[in-house]
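> got a sequence here, can you build the structure:
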Amino acid sequence: MPVPDEPRPDASDNVRADRAEVESHEVVTANRAWWDANAESYYAEHGDFLGDDRLVWGPEGWTEDELDLLGSAEGAEGRDGHEGRDILEVGAGAAQGSRYLAGRGARVVASDVSMGMLRRARRIDADRAAGGSAPTVPLVQCDGCVLPFADAAFDVVFTAYGVLPFVVDAPGFFRECARVLRAGGRLVAAEPHPIRWCFPDEPDHMGLTVTLPYWDRRAYTERDSTGRLRYAETHPTLGSRIEQIVDAGLRVQRLVEPEWPDHNPATWGGWSPLRGQYLPGSVIWVLAGPD
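Modelled structure (predicted):
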C-alpha cells in the first residue's frame, strides 16, 4: 500500500507546491522517479505498519483479514477462498498484499510503475527466503493504466492506494482492469477519499477547516525551479469516479468509507485518529467486472 507521506515544499530544493492541470505522461514520469528515489526511506518509515505479508487497505489500518473485500469467505468449507485464484495487484509497492494472498494459495502477480519499489520487494523476498519463509511472487514493472497482460487473465485485480491517487488517466486504469478480468471477476481499489482535498494536510484541529473547494479537480503538484514536475496527486470527485467506473463496464457493488479504528493510534501525514473522528480518509471501491 504505497500511501505517500504528505509531500511538502522543500525550500532547499526550491520546490513549489501548487494545484494545477497536468498531462498524463509527465505525471507518470514524475511519480515513477519520486517513488524510485523514496522507496527505501518509505519502507524504513512505514514497513512496520504495513508488514511484509499483510494487505492493509489504508492509513486507517484496516486489513483484508478484517474487511474481506476480496471475497475469501466465498471459498468452499475447509478451503481458503483465495486458493487457486489468479490475482493481480496493481501499484503493489513492495508487494506486501500480494505476499499475503500468495500465502493463502492464490496465484498472484505484483506490478508497480516504480523499479525502486520492486527492488525493495525483491529484497524482502530474499530476506524471507533466507529465513525459511515463503512464498515469493512474480514482479512486473508497468504503468497501471497500460497492463501487459492478456484479456480475461485474472479472477481478481486490486490496488491499495497504489494507482488511483497518482494517475491522470483513471478511465484508462478502469478500462484495463475490466479488460484483464474474467467474467464474474472483481476489482477492489482503495484511494484517498475525495473530501480530504478540501482540508489542509494537518493531523490536528488545523486540518478540520475547509480551505479548498471540493469541485477543484486540479492535481496537487510539486515542481522544481526549472518547472519540471517532481510529484503529483490527482483529485477526483465521487461523481467523476463513478462515471469512469460505469464507462469502463464495471459495476459498483460496495463503496466503503472505513472509520478510524480504536486500535490504530498512528498519525500518517494528514491522517490521524483526531481527523478520523470527523472525516473519512479513504474510499474503497468494490467493483464487479463485465459479465
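> residue 116 reaches residue 37, doesn't it?
Yes. Using CB atoms under 8 Å, residue 116 and residue 37 qualify as a contacting pair, with a distance of 6.9 Å. C-betas here are computed from N, CA, C, even on glycine.
> am I right that residue 221 sits in a strand?
Yes. Residue 221 forms part of a strand when assessed by DSSP: H, G, I helix; E, B strand; the rest coil.
> ok so, going back, give me the more crowded residue out of residue 116 and residue 37.
residue 116 (22 against 13; other CB atoms under 10 Å).
> residues contacting the more buried one?
Neighbouring residues of residue 116 by CB atoms under 8 Å, 6 or more residues apart in numbering: 35, 36, 37, 38, 39, 40.
> got these as a markdown table, with secondary structure and pLDDT columns?
Putting the contacts of residue 116 into a markdown table (DSSP: H, G, I helix; E, B strand; the rest coil; pLDDT from 0 to 100) gives the following:
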| residue | secondary structure | pLDDT |
| --- | --- | --- |
| 35 | helix | 97 |
| 36 | helix | 97 |
| 37 | helix | 97 |
| 38 | helix | 96 |
| 39 | helix | 97 |
| 40 | helix | 97 |
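> please, where are all the helices along the stretch 1-150 of the chain?
With DSSP state H, counting those that start in this stretch applied, the stretch 1-150 of the chain shows helices at 24-50, 64-67, 96-102, 115-130, listed in chain order.
> so which of these is nearest residue 207?
helix 24-50 (19.6 Å; CB to CB).
> please identify the buried residues of the closest one?
27-28, 30-36, 38-39, 42-43, 46, 50 (16 or more other CB atoms under 10 Å).
> closest to residue 269 out of these?
After measuring those against residue 269 - CB to CB - the closest member comes out as residue 46, at 10.4 Å.
> give me the distance between that closest one and residue 288.
Taking CB to CB, to the nearest Å as the measure, residue 46 falls 31 Å from residue 288.
> check residue 201 too.
33 Å.
> quickly list what the closest residue to residue 58 other than its chain neighbours is bridged to.
In this structure, residue 58 finds its nearest non-sequential neighbour in residue 282, 3.8 Å apart by CB to CB, 6 or more residues apart in numbering. Here residue 282 sits in beta bridges with residue 192, going by DSSP bridges.
> who touches residue 282 in this structure?
57, 58, 59, 60, 161, 190, 191, 192, 193, 257, 258.
> okay, now the unreliable bits of the stretch 51-200 of the chain?
73-80 (pLDDT under 70).
> how about the strands in it?
86-90, 107-112, 139-141, 154-160, 181-192 (DSSP state E, counting those that start in this stretch).
> any idea how far the last one is from the chain center?
Centroid separation for strand 181-192 versus its chain: 12 Å, with CA atoms, centre = their mean, to the nearest Å.
> what does the shortest one give?
Centroid separation between strand 139-141 and its chain, computed with CA atoms, centre = their mean, is 16 Å.
> in the sheet, which strands lie alongside it, parallel or antiparallel?
strand 107-112 (parallel).
> buried residues, the partner strand. List them.
107, 108, 109, 110, 111, 112.
> just stretch 58-65 next, same as before
Within stretch 58-65, judged by 16+ other CB under 10 Å, the buried ones are 58, 59, 60, 61, 62, 63, 64.
> just say helix, strand or coil for residue 243.
Going by three-state DSSP: residue 243 is helix.
> all further residue positions should be reported with the first residue as 54.
Okay, residue one is now 54; in that scheme the one you just asked about reads as residue 296.
> and of the buried residues of stretch 111-118, the nearest to residue 68?
The nearest one, if we look at those relative to residue 68 and count by CB to CB, is residue 112, at 23.3 Å.
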